[in-house]
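Engineer: Provided below are the primary sequence and the corresponding predicted coordinates.
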Amino acid sequence: MIEVVNLHKSFGDLEVLKGIDCKIEPTEVVCVIGPSGSGKSTFLRCLNMLEELTDGDVIIEGEHLSSRDININEIRTEVGMVFQQFNLFPHKTVLDNIILAPQKVRKLKKADAIQKAYELLDKVGLRDKADNYPSQLSGGQKQRVAIARALAMDPKAMLFDEPTSALDPELVGEVLEVMKGLAREGMTMIVVTHEMGFAKEVADRVIFMDEGVIVEEGKPEELFDNPQNERTRHFLGKVL
Amino acid sequence: MSTFNWSGVFDYMPELGKGLYYTLLISILGIAIGFILGVLFGMGRISKNKILYGLSTIYIEIIRGTPVLVQAIWIYFAMPLIINQAILDNGSFRMNSIVAGVIVIAINSGAYIAEIVRGAVASVDSGQMEAARSLGLGQGQAMRHVVWPQAFRRMIPPLGNQFIISIKDTSLLSVILVPELIFQGRQIAANHFNAVEIYTTVAIFYLAITLTLSFILRYFERRLHI
């Protein structure tokens, strides 16, 4: 579904990604962990070209992101993204946040978009907040709306960029519950996270990144209980 | 105070009314065109296109760096000569002072509004654009539906400020013979020796315009919860 080939990304002289190769299969849930500055978020942002690739390629459903004549907007509709800072549109109600892209990009009729939005709000447990503005929601509620907004485009995969890092501790659980539900339904998910409990419980595979490369990857029980690489052991020793 | 004939001011209301008309006409047209220029050049200032950025920067720097009075005189007296001698070659071009006045207010307010637009758009968090683009919206769609509405709210207070400055700047157009408020007032005062009454009335007229505008802007600010 997603294939990453020798991906390099530099910001000026700073090389953040130094050759990433990996493959993500449909319905797979992959958690990316690693110390800050290891390039996890940059890696994720390259997958929907919020960052331009410096070298290498990302292939999504057969489409090469490195190709010049690619329609990036079309690819982005297939890959939903959830941000650490939610990035809800503050001037729009919860409902309007969700129906904007389906209406403008998918050309859905407003009534259909609204119906779908309510279904998604049910899914994230926020139907009663449809007419509220983002500023009236808690952090956990905002992130659940952001997930609903991304799902409204019927993406084939979802990218999560530290979705719970900006939340108060007591609000983390409600967001992780929604994500677990998605995983159970068979959504392909790539999750950059510091929630090791979530990675252990939900991930099919955990990738450990450090200094712009994938150091080690494997099933969560292998990687967490029996890390092979010294850097993985060192990192896990500090966070677990 | 007995030497001043305040009630006599009413005799000159037709002339002052004409001045008020031209002050309002030039303010409204000038600011409306200036707003369009401001949006275009403001977007040019944020553009990644080097030519658009360069043109916008040159425009803004020239206008901001020269006095309105000089701009008015140049457009009314110098520009027609250039057009006649360099372009038309037959001297048939005449510049109308009111048209010149509208041009001056438009290009002048446009430069300042461009900076207001640039600042407001730049102040919208970059995550907003990213979120919109990640949903598949194009650059233009994201700008129109997500960034611009948020930027526009932030523009209203500084825009109001600029509108008031531009309205007051129209008084400088008297030097290029636009029959606006102060031009009319000066004509009356010179002929009837009632400078105190007339100039005070003129000042009150300006104040009435700007206070009305302030009031309208405050209403909008409240409605948009700024």
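Structural biologist: Alright, I've got the coordinates. Residues are numbered from 1 along each chain as shown, chains lettered A, B, ... in the order given.

Engineer: Low-confidence ranges, the chain, go.
Structural biologist: All of this refers to chain A. Residues of chain A meeting the criterion pLDDT under 70: none.

Engineer: The intended chain is chain B.
Structural biologist: Looking at chain B by pLDDT under 70, you get B:1-2, B:225-226.

Engineer: Can you tell me which residues in it are near chain A?
Structural biologist: Counting by Cβ under 8 Å from any Cβ of the partner chain, chain B comes close to chain A at B:125, B:127-128, B:130-138, B:141, B:145-146, B:149-150, B:153. Every C-beta, even on glycine, is put in place using the N, C-alpha and C of the backbone.

Engineer: Next, the buried residues of the helix ranked longest in chain A.
Structural biologist: The longest helix of chain A (DSSP state H) is helix A:169-184. Buried positions in helix A:169-184, judged by neighbour count with 16 or more other Cβ atoms under 10 Å in any protein chain shown: A:171, A:172, A:174, A:175, A:176, A:178, A:179, A:182, A:183.

Engineer: Just checking stretch A:69-86 against chain B, any contact.
Structural biologist: Yes: Stretch A:69-86 lies within reach of chain B by Cβ under 8 Å from any Cβ, at A:73, A:74, A:76, A:77, A:79, A:80, A:81, A:83, A:85.

Engineer: Within its sheet, name the partner strands of the next helix or strand after the longest helix of chain A and how each one runs.
Structural biologist: Per DSSP states H and E, the first helix or strand lying C-terminal to helix A:169-184 is strand A:188-192. Its sheet considered, strand A:188-192 pairs with strand A:29-33 (parallel), strand A:157-161 (parallel) by DSSP bridges.

Engineer: Now find how far off-centre the first one is within its chain.
Structural biologist: Average the C-alpha atoms of strand A:29-33, do the same for its chain, and the two points are 9 Å apart (Cα atoms, centre = their mean, to the nearest Å).

Engineer: Let me see the backbone angles for residue A:209.
Structural biologist: When quoted as degrees, to the nearest 10, the phi and psi of residue A:209 stand at phi -110, psi 150.

Engineer: Return the residues in contact with the closest residue to it other than its chain neighbours.
Structural biologist: Leaving aside its sequence neighbours, residue A:209 sits nearest to residue A:34 (Cβ to Cβ, 6 or more residues apart in numbering or on different chains; 3.9 Å). Residue A:34 sits next to A:40, A:208, A:209, A:210, A:215, A:235 when contact means Cβ atoms under 8 Å, 6 or more residues apart in numbering or on different chains.

Engineer: Which positions in the longest helix anywhere in chain B come out as buried?
Structural biologist: Ranked by residue count and defined by DSSP H, the top helix of chain B is helix B:13-46. Buried residues in helix B:13-46, defined by neighbour count with 16+ other Cβ under 10 Å: B:15-16, B:19-20, B:22-27, B:29-31, B:33-35, B:37-46.

Engineer: on that earlier part again, so which of the residues of chain B next to chain A sit within helices?
Structural biologist: Mapping the residues of chain B next to chain A onto helices (DSSP H) picks out B:127, B:128, B:130, B:131, B:132, B:133, B:134, B:141, B:149, B:150, B:153.

Engineer: Among the residues you listed, which one lies nearest to residue A:24?
Structural biologist: The shortest approach to residue A:24 among these belongs to residue B:134, at 17.5 Å (Cβ to Cβ).

Engineer: For that closest one, give its distance to residue A:150.
Structural biologist: According to Cβ to Cβ, to the nearest Å, residue B:134 stands 8 Å off from residue A:150.

Engineer: before we move on, what about residue B:90?
Structural biologist: Distance, residue B:90 to residue A:150, using Cβ to Cβ: 65 Å.

Engineer: out of those two, which sits in the busier spot?
Structural biologist: Neighbour tally, residue B:90 and residue A:150, criterion other Cβ atoms under 10 Å in any protein chain shown: the higher count belongs to residue A:150, 24 against 7.

Engineer: Would you agree that one is in contact with residue A:158?
Structural biologist: Yes: using Cβ atoms under 8 Å, residue A:150 is in contact with residue A:158, at 6.3 Å.

Engineer: buried set for stretch A:184-191?
Structural biologist: For stretch A:184-191, a neighbour-count test (16+ other Cβ under 10 Å) marks A:187, A:188, A:189, A:190, A:191 as buried.

Engineer: Pairing partners for the second one in the sheet, please.
Structural biologist: It stands for residue A:188. As for beta bridges, residue A:188 partners with residue A:157 under DSSP bridges.

Engineer: From residue A:117, how far out is the closest residue to residue A:137 other than its chain neighbours?
Structural biologist: Spatial nearest neighbour of residue A:137, excluding adjacent residues (Cβ to Cβ, 6+ apart): residue A:129 at 6.3 Å. Going from residue A:129 to residue A:117 by Cβ to Cβ gives 11 Å.

Engineer: higher neighbour count, those two?
Structural biologist: With neighbours defined as other Cβ under 10 Å, residue A:129 and residue A:117 compare such that residue A:117 has more, 24 against 20.

Engineer: what's next to the helix or strand hosting that one, contact-wise?
Structural biologist: Taking DSSP H and E as the definition, residue A:117 sits inside helix A:110-123. Defining contact as Cβ under 8 Å, 6+ apart, one finds that helix A:110-123 is touched by A:94-95, A:98-99, A:102-103, A:108, A:127, A:129-130, A:145, A:148, A:151-152, A:178, A:181.

Engineer: One more pass at 6 Å, please.
Structural biologist: Residues outside helix A:110-123 that contact it (Cβ atoms under 6 Å, 6 or more residues apart in numbering or on different chains): A:95, A:98, A:99, A:102, A:103, A:127, A:130, A:148, A:151, A:152.

Engineer: most neighbours, which of those?
Structural biologist: In those, the most neighbours by other Cβ under 10 Å go to residue A:98, 29 neighbours.

Engineer: list the contacts for the closest residue in space to residue B:60 that isn't next to it in sequence?
Structural biologist: In this structure, residue B:60 finds its nearest non-sequential neighbour in residue B:111, 4.7 Å apart by Cβ to Cβ, 6+ apart. Residues in contact with residue B:111 (Cβ under 6 Å, 6+ apart) are B:60, B:63, B:64.
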